[in-house]
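> quick one, what's the 3D model for this:
(chains A and B)
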2 protein chains.
Amino acid sequence: MCADAATHEIAPRSGVAFTLDKGDRLTVIDPRGEQVADLLAFNRHDLDEVISSGRTLDYASRIYLTTGDPLYSNRSNVLLRIVEDTVGRHDFLLTPCSADTFRIIYGDENPHRGCFGNLAHALAPFGVAPDHIPVAFNCFMNVPVDGKTGVITVEPPLSRAGDRIAFEAETDLVIGLTACSALQSNNGSFKPIHYRIERGTR
Amino acid sequence: MCADAATHEIAPRSGVAFTLDKGDRLTVIDPRGEQVADLLAFNRHDLDEVISSGRTLDYASRIYLTTGDPLYSNRSNVLLRIVEDTVGRHDFLLTPCSADTFRIIYGDENPHRGCFGNLAHALAPFGVAPDHIPVAFNCFMNVPVDGKTGVITVEPPLSRAGDRIAFEAETDLVIGLTACSALQSNNGSFKPIHYRIERGTR
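The predicted structure is shown next:
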């Protein structure tokens, strides 16, 4: 691994896209605490292959993923593997927040484009169509499920300032990553997200 | 509604696809009990619009859906609404079982193509690509979640012989529907699924 990886900042309520090569390590950092980052991954050589919550949760037999767990694609290939996690609570049930989320759940009349809009915008130059944005892996998002009633709630993230989750790319990828735009997901305020890429030697 | 809707049978471990018009009612029946049916719905006039577990669960704030609940698309439009449900326990977390499922979870060396393969085959004439098959709404599938650990288990369906769930189409649709092929999901045996379509007057 390269030791001098720069730290990049994603401004509050925005998003970025970039590529990873197989063997690269992506570290997503919550610099202030209680801030969610939605993560998407596509096979860089065939964008129809994308991370799949349904396959990943099925194979893990768990809705909460952490160190060692793979993120599978819709073709059942491992795209990313979690290699470090100082929090242990992330969400893989819910789609990125969007103008529709803010309209339907928050009742906003002029809604922000949300993580969905930010991801669509950032991923467009790579050729990803908005309709093909699936459920994201929502780093630090805290979504408990009541096992009896099935009710889900969006609670403050368990992440504190400096907490992080790191992923290793198991193939060449296009990544989308945000600083989440939904008030409820981030305990009422919008904060930045940091990330680092360490290039592999493979 | 037309009163003389015919009952169709889906043979064990197989699947079908058909169209619905806006206002039609689709009733999915478990004729013998403890049998799952995976359901997909696409906008018939634009196949890039498809049911979305992530949006539906987010807007419902529940993982267990029942009478009155809408199934939203990836564009946040309602494609189907549940209008009758004699069981009250269905799954919307897991992808259709597939050759990969049987290889990864069951260790099968020559795996069945599963609901995924059956859906891909049945939907191909309508123009649906396998990569665009999302998490299905799995009628009668019983997937409890341990709220504390996040562990999910696949338990015998709660459906008894004759139980049913009915949906009303809120737009013109292509539907994929199976008699599920995974042993664990169906309490160890493969049984048929019945369905009826009542044509609306809208």
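> show me which residues of chain A sit near chain B.
A:48-49, A:52-55, A:57-59, A:61-64, A:74-76, A:93-95, A:98, A:100-101, A:104-105, A:129, A:131-135, A:144-153 (Cβ under 8 Å from any Cβ of the partner chain). In short, each C-beta sits where N, CA and C put it, glycine included.
> can I get the buried part of the residues you listed as one ChimeraX selection?
Here is the ChimeraX command that selects the buried residues among those (16 or more other Cβ atoms under 10 Å in any protein chain shown):
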select /A:49,52,53,54,55,57,58,59,62,63,64,74,75,76,93,94,95,98,100,101,104,105,131,132,133,134,135,144,145,147,150,152
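> by contact count, what packs against the longest helix along chain A?
Assignment by DSSP state H gives helix A:114-123 as the longest helix of chain A. With contacts taken as 3 or more Cβ pairs under 8 Å, 6 or more residues apart in numbering or on different chains; DSSP states H and E, helix A:114-123 sits against strand A:15-20, strand A:37-43, helix A:99-104, strand A:173-178.
> how about the nearest residue to A:A122, chain neighbours excluded?
A:A17 (3.9 Å; Cβ to Cβ, 6 or more residues apart in numbering or on different chains).
> now that neighbour: how far from A:D24?
15 Å (Cβ to Cβ, to the nearest Å).
> equivalent analysis for A:E34, please.
Separation of A:E34 from A:D24 (Cβ to Cβ): 27 Å.
> on that earlier part again, look up which residues are beta-bridged to the residue nearest to A:A122.
Beta-bridge pairing for A:A17 (DSSP bridges): A:G176.
> please name the nearest non-neighbouring residue to A:S98.
A:F116 is the one closest to A:S98 (Cβ to Cβ, 6+ apart), at 3.5 Å.
> tell me the pLDDT of the one you found.
Per-residue pLDDT puts A:F116 at 97.
> I'd assumed A:F102 was in contact with it.
No: between A:F116 and A:F102 there is no contact under Cβ atoms under 8 Å: 10.2 Å.
> so between these two, which is more surrounded?
Between A:F116 and A:F102, counting by other Cβ atoms under 10 Å in any protein chain shown, A:F116 is the more crowded of the two (25 against 20).
> which residues does the more buried one contact?
A:F116 is in contact with A:T95, A:P96, A:C97, A:S98, A:A99, A:D100, A:T101, A:P130, A:I133, counting by Cβ atoms under 8 Å, 6 or more residues apart in numbering or on different chains.
> how much space is there between the residue nearest to A:A122 and chain B?
19 Å (Cβ to the nearest Cβ, to the nearest Å).
> so that residue makes contact with A:F126?
Yes: contact status for A:A17 versus A:F126: in contact at 5.9 Å, counting by Cβ under 8 Å.
> more neighbours: these two, which one.
Neighbours were counted for A:A17 and for A:F126 using other Cβ under 10 Å; A:A17 has more, 21 against 15.
> in contact with the more buried one, which residues?
A:L119, A:A122, A:L123, A:P125, A:F126, A:V128, A:V174, A:I175, A:G176, A:L177.
> show me which pair in those is furthest apart.
Pairwise distances across the contacts of A:A17 (Cβ to Cβ) peak at 14.7 Å, for the pair A:P125 and A:L177.
> more neighbours, the two?
Between A:P125 and A:L177, A:L177 has the larger neighbour count (other Cβ under 10 Å), namely 25 against 9.
> contacting residues for the more buried one?
Going by Cβ under 8 Å, 6+ apart, the list of residues near A:L177 reads A:I10, A:G15, A:V16, A:A17, A:F18, A:V28, A:A37, A:D38, A:L39, A:L40, A:I193, A:Y195.
> okay, the residues you listed in a markdown table with distance to A:V83 and pLDDT next?
Listed next are these as a markdown table, based on distance: Cβ to Cβ, whole Å; pLDDT from 0 to 100:
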| residue | distance to A:V83 | pLDDT |
| --- | --- | --- |
| A:I10 | 21 | 98 |
| A:G15 | 23 | 98 |
| A:V16 | 21 | 98 |
| A:A17 | 21 | 98 |
| A:F18 | 18 | 98 |
| A:V28 | 12 | 98 |
| A:A37 | 16 | 98 |
| A:D38 | 19 | 98 |
| A:L39 | 14 | 98 |
| A:L40 | 18 | 98 |
| A:I193 | 18 | 98 |
| A:Y195 | 14 | 98 |
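> for A:M141, give its distance to A:P31.
Distance from A:M141 to A:P31, by Cβ to Cβ: 16 Å.
> by mean pLDDT, which helix or strand of chain A comes out lowest?
helix A:99-104 (a mean of 92; mean pLDDT, DSSP states H and E).
> remind me which residues of chain A are low pLDDT?
A:1-4, A:201-202 (pLDDT under 70).
> center of chain A - which residue?
For chain A, A:L39 is the residue whose C-alpha lies nearest the centre (Cα atoms, centre = their mean; 2.1 Å).
> just checking, A:I10 touches A:I193?
Yes: with contact defined as Cβ under 8 Å, A:I10 counts as touching A:I193 (4.5 Å).
> more neighbours: which of these two?
Neighbours per residue (other Cβ under 10 Å) separate A:I10 from A:I193, with A:I193 holding more: 27 against 22.
> quick check: phi and psi on the closest residue to A:N187 other than its chain neighbours?
Nearest non-adjacent residue to A:N187, counting by Cβ to Cβ, 6+ apart: A:P156, 3.7 Å away. When read as degrees, to the nearest 10, the backbone of A:P156 gives phi -60, psi 140.
> count of residues packed around the closest residue to A:T101 other than its chain neighbours?
Using Cβ to Cβ, 6+ apart and skipping residues adjacent in sequence, the residue nearest A:T101 is A:G114, 5.9 Å away. Neighbour count of A:G114, defined by other Cβ under 10 Å: 24.
> do A:G127 as well
Neighbours of A:G127 using other Cβ under 10 Å come to 11.
> where's stretch A:195-202 relative to the chain centroid, distance-wise?
18 Å (Cα atoms, centre = their mean, to the nearest Å).
> the residue sitting furthest away from the middle of chain A: what secondary structure?
Note on chain A: the largest separation between a C-alpha and the mean C-alpha position, by Cα atoms, centre = their mean, falls on A:K148 (27.4 Å). Following DSSP: H, G, I helix; E, B strand; the rest coil, we place A:K148 in the coil state.
> need the contact list for it.
B:G147.
> would you list the phi and psi of it?
According to degrees, to the nearest 10, A:K148 has phi -80, psi -50.
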